[in-house]
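Novice: Please work out how this folds:
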Amino acid sequence: MVDEPSAGVYYGSIVAAPYGKIIFSRLFEYLGEKKQDESIVVEYVSMPDLVGLSLADAAGELKKIGLDYELDGEGQYILRQLPPENTQIPKGTTVVLIT
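Specialist: The predicted model follows:
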């Protein structure tokens, strides 16, 4: 799934980074870098449907739920998005908006 994604534009920030975050967080915890009483909690959000929205409106929606974005294209309206709507992704993930 990470080595050979099957659809759309592939950015490490979308495909691999969320898994890397979880792996390294748990590795540091295992090695004793984190205090024993701290636990790692990954909060997930559902990717909204942004297709057809203006770039400003889409950016506002993403900000409300704690997601960042990278822009692919120079248009004013969202033509495609990665990941697709209703995908559960970790809060703080960078998504791709194609204009």
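Novice: Work out for me the element Gln81 sits within.
Specialist: strand 80-82 (DSSP states H and E).
Novice: How are the helices of this protein distributed by residue range?
Specialist: Counting by DSSP state H, the chain has helices at residues 12-15, 17-30, 55-65.
Novice: and the ones you listed as a markdown table, adding mean pLDDT, distance to Gly92 and mean neighbour count?
Specialist: Just so you know, the C-beta spots here come from the backbone N, C-alpha and C atoms, and that holds for glycine as well. Formatted as a markdown table, these follow (pLDDT from 0 to 100; distance: least, C-beta to C-beta, whole Å; neighbours: other C-beta atoms under 10 Å):
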| stretch | mean pLDDT | distance to Gly92 | mean neighbour count |
| --- | --- | --- | --- |
| helix 12-15 | 67 | 10 | 16 |
| helix 17-30 | 80 | 8 | 13 |
| helix 55-65 | 97 | 10 | 15 |
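Novice: To Val96, which of these lies closest?
Specialist: Closest to Val96 of the helices of the chain is helix 12-15 (C-beta to C-beta; 6.3 Å).
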